[in-house]
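Chemist: Quick check, what structure comes out for this input:
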Amino acid sequence: MAGRAVLLILHRGDAADEGGLPGDYRKILAIVREADGPVQVRAVGERLGLDTSVHGKLEPLRAKMTKLAARGWLHKRGDGRFTARP
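Modeler: This next block holds a predicted model:
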């Protein structure tokens, strides 16, 4: 792949299904889909067993969720919470 960037997280339209995503991203998607409504990053972190009392522990998770939103797997609302795309 010399000289060409490879996306680890494919755009939703380019992937046959979420099975092509890395395991941690699939877990995040599952948690958001199971939620009754929009979820905060902290709630997802708690479900993943992260120490949510330390702000720095949530930032990598926030980046992953934002990347999923940018690729069309999640929707990031104006209030910073996330929902699953239908």
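
Chemist: how about the strands in the chain?
Modeler: Secondary structure of the chain (DSSP state E): strands at 74-76, 82-84.

Chemist: what about the ones you listed, which gets the closest to S53?
Modeler: strand 82-84 (20.7 Å; Cβ to Cβ). Any C-beta I mention is one placed from the backbone N, CA and C, and that applies to glycine too.

Chemist: now for the closest one, which elements pack on it?
Modeler: Applying 3 or more Cβ pairs under 8 Å, 6 or more residues apart in numbering; DSSP states H and E, we find strand 82-84 packed against helix 23-34, strand 74-76.

Chemist: give me the number of residues near V41?
Modeler: V41: 21 surrounding residues under other Cβ atoms under 10 Å.

Chemist: Show me the shaky parts of this structure.
Modeler: 1-7, 14-16 (pLDDT under 70).

Chemist: sorry, back to before: right, so the helices and strands packed on strand 82-84: which one is the most enclosed?
Modeler: strand 74-76 (a mean of 18; mean count of other Cβ atoms under 10 Å).

Chemist: Name the residues that touch that one?
Modeler: Residues from elsewhere that reach strand 74-76, judged by Cβ atoms under 8 Å, 6 or more residues apart in numbering: L29, V32, M65, T66, L68, A69, F82, T83, A84, R85.

Chemist: Filter the residues you listed down to just the buried residues.
Modeler: L29, V32, M65, L68, A69, F82, T83, A84 (16 or more other Cβ atoms under 10 Å).

Chemist: need those in CSV with distance to G19, can you?
Modeler: Conversion of the buried ones among the contacts of strand 74-76 to CSV gives the following (distance: Cβ to Cβ, whole Å):
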residue, distance to G19
L29, 11
V32, 17
M65, 19
L68, 15
A69, 19
F82, 21
T83, 21
A84, 16
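
Chemist: quick one: which of the residues you listed is nearest to P38?
Modeler: T83 (5.0 Å).
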